[in-house]
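Q: Predicted coordinates and the sequence they were generated for:
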Number of protein chains: 2
Amino acid sequence: MKLSIVLSTQPAQFQAATFKGDLEVNLAHIAALGYNGVELAIRDPKLIDVDALEASANKYNLRVPAIGTGQAWGEEGLSFTDPNPQIRERAIERIKSHIPAASRFGAVIIIGLIRGIVKPGVDSTQAMEWLINALRECSEAAHPHGIRLALEPINRYETTLINNTAQGLELINRVGVDNFGLLLDTFHMNIEEPAIEDSIRQCGERIFHFHVADSNRWHPGAGHLDFKSILTALDSTRYQGWVSGEFLPKPDAETAAQRSVAFLRQLG
Amino acid sequence: MKLSIVLSTQPAQFQAATFKGDLEVNLAHIAALGYNGVELAIRDPKLIDVDALEASANKYNLRVPAIGTGQAWGEEGLSFTDPNPQIRERAIERIKSHIPAASRFGAVIIIGLIRGIVKPGVDSTQAMEWLINALRECSEAAHPHGIRLALEPINRYETTLINNTAQGLELINRVGVDNFGLLLDTFHMNIEEPAIEDSIRQCGERIFHFHVADSNRWHPGAGHLDFKSILTALDSTRYQGWVSGEFLPKPDAETAAQRSVAFLRQLG
């Protein structure tokens, strides 16, 4: 099992030196804990030195299987479904701007909260059209580079657009391009899927990335999800990708990371 | 198993005649489906004709095991933890005003969202003190009438105060009165409890009321919760109260109510 864990590059909140220092320290910890890769949360690739990032990852023998993009929504309010066409356009350009780094690492580009929500006054059919057009445009731009996009169904409390895998599979049909698929996250699945393992099997080869967190969003092993059964279902889809930890830093980040890798490794 | 289901009296949104008519229709449906009682959501007891309500419930041989109070938060913004002392006082008076109807029915008074949230600018220790004092005052007012209050741990997305049973049990200790306990809800427990059955056993005789909804907040049977195991754990606490359905009206209210009672009855 190829295990990675989410690491924020936090370029907006750090001076260049501090950022590099902290990133190095984090990468060293993550590698020492036995992870094979890091999933990088990047707000804006313009603020990242990709050469330095690649050198650091290589230094610790860590791969970068996926790039998270949600900070552009959280910190800048960019989304595919904003009623303002300029904001939608900026969101599309931002996602396209991840393609060079994604190509360097062979990483999946994650479409999480940057898809947006159905904002007040916006018709939901209209929002879905904006979403589909944006996903198609970004996927088509990524295609020549061999890069895939993965949209994450996210629970009802965090978005009003695409909460579960049934909606995700319908979206895939409507977008209609081969390099667009899903990122499944066990925390969200616990709330939204009628039967987690069945949903995994139904998504099959359209699972492009996989997040693990337990039912309470703590590290795997801290809640009541049956990860043995879940990962067996994932395996049955012939999934060749990564199992990436995205969970709360509780009781603290390092303990959570350590417990997660130990718990998942002993599942075999 | 004594089964009830939540029914809103919706006094603020209906003319008196419509309200009475709709209530009668709903009570007739609920009784015909095989429920033993109705849990009534009441925004303000002043707007309710308790005599008429009791006559209607009796007509259909339905008990009223609990009164929900959250509409006073949702529609009027009343809460135990608002920084405005007049709003806190109105919330306390509102809860006390449920005591006569609760006495008539022998119903538990539910403290759900009316407890409030930690509002911006409010210290969380201060909010917890307001909450404890309000709960103690209301419980002490209810005690001579033999009425109990049950606070519902509610998941992190809906409140910042008391999300899980561990916090609920600590709160019980701090309030320090015998007629204050917990309402456990399986939908919230699925998100917040490390192990649902263990939490039920730990709450033991302080479980004053019990809500069922499946993991996706649809009716029991529509998600992945193991209700056989959950209700066995509840039974092990010698719980003598009600199992009350509070779930989304999907695919529609009557179908959901019908499926829930059928599913729960076949569990034995």
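A: Received the coordinates, thanks.

Q: how far away is A:Gly121 from A:Asn84?
A: In this view, A:Gly121 and A:Asn84 are 12 Å apart by C-beta to C-beta, to the nearest Å. Yep, even glycine has a C-beta here, placed from its N, CA and C like the rest.

Q: Can you pick out the residue with more neighbours from the two?
A: Between A:Gly121 and A:Asn84, counting by other C-beta atoms under 10 Å in any protein chain shown, A:Asn84 is the more crowded of the two (11 against 6).

Q: ok, A:Gln258 - how many residues close by?
A: When neighbours are counted by other C-beta under 10 Å, A:Gln258 registers 16.

Q: Enumerate every residue touching it.
A: A:Leu33 (C-beta atoms under 8 Å, 6 or more residues apart in numbering or on different chains).

Q: List the contacts of whichever residue of the stretch 51-200 of chain A sits closest to chain B.
A: Residue nearest to chain B within the stretch 51-200 of chain A (C-beta to the nearest C-beta): A:Tyr157, separated by 3.7 Å. Counting by C-beta under 8 Å, 6+ apart, A:Tyr157 makes contact with B:Tyr157, B:Glu158.

Q: Just say helix, strand or coil for it.
A: Under DSSP: H, G, I helix; E, B strand; the rest coil, A:Tyr157 falls in the coil class.

Q: From A:Asp214, how far out is it?
A: 17 Å.

Q: same question, A:Gln86
A: Distance of A:Gln86 to A:Asp214, given as C-beta to C-beta: 40 Å.

Q: Repeat that for A:Glu205.
A: Applying C-beta to C-beta to A:Glu205 and A:Asp214 gives a distance of 26 Å.

Q: Show me which of these two is the more surrounded one.
A: Neighbours were counted for A:Glu205 and for A:Asp214 using other C-beta under 10 Å; A:Asp214 has more, 22 against 10.

Q: which residue sits closest to A:His29, ignoring its sequence neighbours?
A: A:Glu254 (6.2 Å; C-beta to C-beta, 6 or more residues apart in numbering or on different chains).

Q: host element of the one you found?
A: helix A:253-266 (DSSP states H and E).

Q: residues of that helix that come out buried?
A: Going by neighbour count (16 or more other C-beta atoms under 10 Å in any protein chain shown), the buried part of helix A:253-266 is A:Ala253, A:Ala256, A:Ala257, A:Gln258, A:Arg259, A:Ser260, A:Val261, A:Phe263, A:Leu264.

Q: Could you export it as PDB, CA atoms only?
A: Output in PDB follows, covering the C-alpha atoms of helix A:253-266 (Å, rounded to 0.1, in the frame of the first residue of the first chain):
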ATOM      1  CA  ALA A 253       0.000  16.200  13.900                       C
ATOM      2  CA  GLU A 254       3.000  13.900  14.500                       C
ATOM      3  CA  THR A 255       1.100  11.500  16.800                       C
ATOM      4  CA  ALA A 256      -1.800  11.300  14.300                       C
ATOM      5  CA  ALA A 257       0.500  10.700  11.400                       C
ATOM      6  CA  GLN A 258       2.400   8.000  13.300                       C
ATOM      7  CA  ARG A 259      -0.700   6.200  14.500                       C
ATOM      8  CA  SER A 260      -2.200   6.300  11.000                       C
ATOM      9  CA  VAL A 261       0.700   4.700   9.300                       C
ATOM     10  CA  ALA A 262       1.000   2.000  12.000                       C
ATOM     11  CA  PHE A 263      -2.700   1.200  11.900                       C
ATOM     12  CA  LEU A 264      -2.900   1.000   8.100                       C
ATOM     13  CA  ARG A 265       0.400  -1.000   7.800                       C
ATOM     14  CA  GLN A 266      -0.900  -3.700  10.200                       C
END
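
Q: Having no further points to raise, I will conclude here.
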